[in-house]
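*Asks:* Okay, sequence plus prediction incoming.
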Amino acid sequence: MFNISDIQAVCLDISGSNTSYARQDEITNLAWFLLDSNYQIYLFSSNQKEDLTGEKFQHPRLQFMPQPMPPVTGATQLEPLLLTGNTLWVSDSPDMHSWFEAHDLKFAYSRSNKAFGSRGLRIGSLVDLVALFNTRAQVLREVGAEIVRRRNLKGGGPYLVGVAGPPLSQYQQFTVDLKGVLEALDCPVVDLLEMSSLLWSSEGQGDPLSAQGPWRTEAACHWFSEEILRPLHQGNRVFLETLPDGIPRDFEAHLPLFLSEDSVVLLLGTMILIPAITEKLDSSVLLEVSIQETTRRVYEIPASETFDEKFLTQYLAHEGGRYKSYMEAHKVKQNATLRVNAERPHALVLSHVSPD
């Protein structure tokens, strides 16, 4: 089977879409799922009697193809993307299947008497494509398996993992889900340490380039490093019932804190991958989202709409600039053990695994 992470666009045959409400719902649900996941969508009909020229629905990433399909005058009239391995075609038309084979295209189908090899994917219904493109669960399993593999190589002692990402990258939910995956992989104890009470996020007031870094207080930096990270890094357990003076009271939500020699400890936060922490970590996971997509999410601009450059400029002038400075100053991307492309919330891709 081809790699679904290579797909950037989907061409969907909507012939017979008016024959039943169930068929309409299938197509509509798939199209919206793909649009929400930032794919480009092309809709066509293999039924020469169906006219798509009057379709009025508008979306910047959806386009109707009113020309006869398969093309009667060759493929040169189509956009170049549609004839590459980055597009998945979906149709049950035998004529389309022959055209797909002739042009070496990737396609999905539910009915045919033929077998098409690795480029043809048989599905039960369009619902199967929703599951296929929702790669979140698969990536969580891949990340969990890699952490377990590295933990086994290390041997005994606590295993420390930092999980981070830009604002609205959903790294918090990713970490919670990763905890469940690790537990299912027979890690005996998996603990979460949410770091927002000790570290500024990019929306906060801390300067990631100052001597103190993004720590809320110098005391918090010293205490966390010496009383939690250092003993865990040395293979020892940690048990804390109270906080000393100078430590933000918000951290009390973790108390009493007991981290055993068998614990996998997941530390999460926007800007936690700094030297004071990473030098004690066994692995790190970075969720990556482009500045443009983060800007769209911060200003709650619908995925179906383009936005003015002023929003990007405004974001970079404030929290976006702080996050960019943190990433560059600490070489976060270069040093991360695992990188996950989270540009599409449902279609995550494990894009990088560092050597052991």
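*Replies:* Perfect, thanks for sending it.
*Asks:* how much space between the residue nearest to residue 241 when sequence neighbours are not counted and residue 237?
*Replies:* Of all residues not flanking residue 241 in the chain, residue 256 sits nearest, at 4.8 Å (C-beta to C-beta, 6 or more residues apart in numbering). Yep, even glycine has a C-beta here, placed from its N, CA and C like the rest. According to C-beta to C-beta, to the nearest Å, residue 256 and residue 237 sit 13 Å apart.
*Asks:* Check residue 61 too.
*Replies:* From residue 61 across to residue 237, the span is 51 Å (C-beta to C-beta).
*Asks:* thinking again about what came up before, pick out whichever of residue 256 and residue 237 has more residues nearby.
*Replies:* residue 237 (14 against 9; other C-beta atoms under 10 Å).
*Asks:* hang on, the more buried one packs against residue 261?
*Replies:* Yes. Between residue 237 and residue 261 there is a contact under C-beta atoms under 8 Å: 5.5 Å.
*Asks:* Next, show the common contact partners of these two.
*Replies:* Taking C-beta atoms under 8 Å, 6 or more residues apart in numbering as the contact rule, residue 237 and residue 261 both touch residue 158.
*Asks:* quick one: secondary structure of residue 138?
*Replies:* Put simply, residue 138 is helix when judged by DSSP: H, G, I helix; E, B strand; the rest coil.
*Asks:* hey, what's residue 193 bridged with?
*Replies:* Taking DSSP bridges as the rule, residue 193 bridges to residue 267.
*Asks:* Please apply the same query to residue 87.
*Replies:* Beta-bridge partners, per DSSP bridges, of residue 87: residue 9.
*Asks:* Helices along the stretch 251-356 of the chain, start to end?
*Replies:* Secondary structure of the stretch 251-356 of the chain (DSSP state H, counting those that start in this stretch): helices located at 275-278, 291-298, 309-317, 319-329, 332-335.
*Asks:* Give me the distance from the first one to the chain's centre.
*Replies:* The chain centroid and the centroid of helix 275-278 are separated by 24 Å, computed with C-alpha atoms, centre = their mean, to the nearest Å.
*Asks:* average model confidence for that helix?
*Replies:* Across helix 275-278, pLDDT averages out at 92.
*Asks:* Check which residues of it are buried.
*Replies:* 276, 277, 278 (16 or more other C-beta atoms under 10 Å).
*Asks:* For the stretch 51-200 of the chain, give me the ranges with low pLDDT.
*Replies:* By pLDDT under 70, the weakly predicted segments of the stretch 51-200 of the chain are 73-76.
*Asks:* quick one, strands of this protein?
*Replies:* Using DSSP state E, the strands of the chain run over residues 9-13, 40-44, 62-64, 87-90, 106-109, 120-122, 159-164, 189-194, 238-240, 257-259, 263-268, 283-288, 338-341, 349-353.
*Asks:* and the angle from the first one to strand 40-44?
*Replies:* Which is strand 9-13. With axes from the mean of the first three to the mean of the last three C-alpha atoms, to 10 degrees applied, the angle from strand 9-13 to strand 40-44 works out at 20 degrees.
*Asks:* Dump strand 9-13 to PDB, restricted to CA.
*Replies:* This file holds the C-alpha atoms of strand 9-13, laid out as PDB (Å, rounded to 0.1, in the frame of the first residue of the first chain):
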ATOM      1  CA  ALA A   9      -5.100  16.200  -2.600                       C
ATOM      2  CA  VAL A  10      -8.100  13.900  -3.100                       C
ATOM      3  CA  CYS A  11     -10.100  13.700  -6.300                       C
ATOM      4  CA  LEU A  12     -13.500  12.300  -5.500                       C
ATOM      5  CA  ASP A  13     -16.000  10.800  -7.900                       C
END
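*Asks:* Just the buried positions in stretch 281-290, please.
*Replies:* With burial defined by 16+ other C-beta under 10 Å, the residues of stretch 281-290 counted as buried are 281, 282, 283, 284, 285, 286, 287, 288, 289.
*Asks:* Contact partners for the residue nearest to the last one when sequence neighbours are not counted?
*Replies:* Sequence neighbours aside, residue 169 is the residue nearest to residue 289 in space, at 4.7 Å (criterion: C-beta to C-beta, 6+ apart). Remark: with contacts taken as C-beta under 8 Å, 6+ apart, residue 169 is in contact with 287, 288, 289, 294, 342.
*Asks:* next one: residue 136
*Replies:* Neighbour list for residue 136: 177, 345, 346, 347, 348 [criterion: C-beta under 8 Å, 6+ apart].
*Asks:* same thing but at 10 Å, please
*Replies:* 170, 173, 174, 177, 340, 342, 344, 345, 346, 347, 348 (C-beta atoms under 10 Å, 6 or more residues apart in numbering).
*Asks:* which of those residues are buried?
*Replies:* Neighbour-count burial (16+ other C-beta under 10 Å) applied to these gives 170, 174, 177, 340, 342, 344, 345, 347, 348.
*Asks:* Tabulate the residues you listed (CSV), appending distance to residue 332.
*Replies:* Putting these into CSV (distance: C-beta to C-beta, whole Å) gives the following:
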residue, distance to residue 332
170, 18
174, 16
177, 22
340, 13
342, 14
344, 21
345, 21
347, 23
348, 18
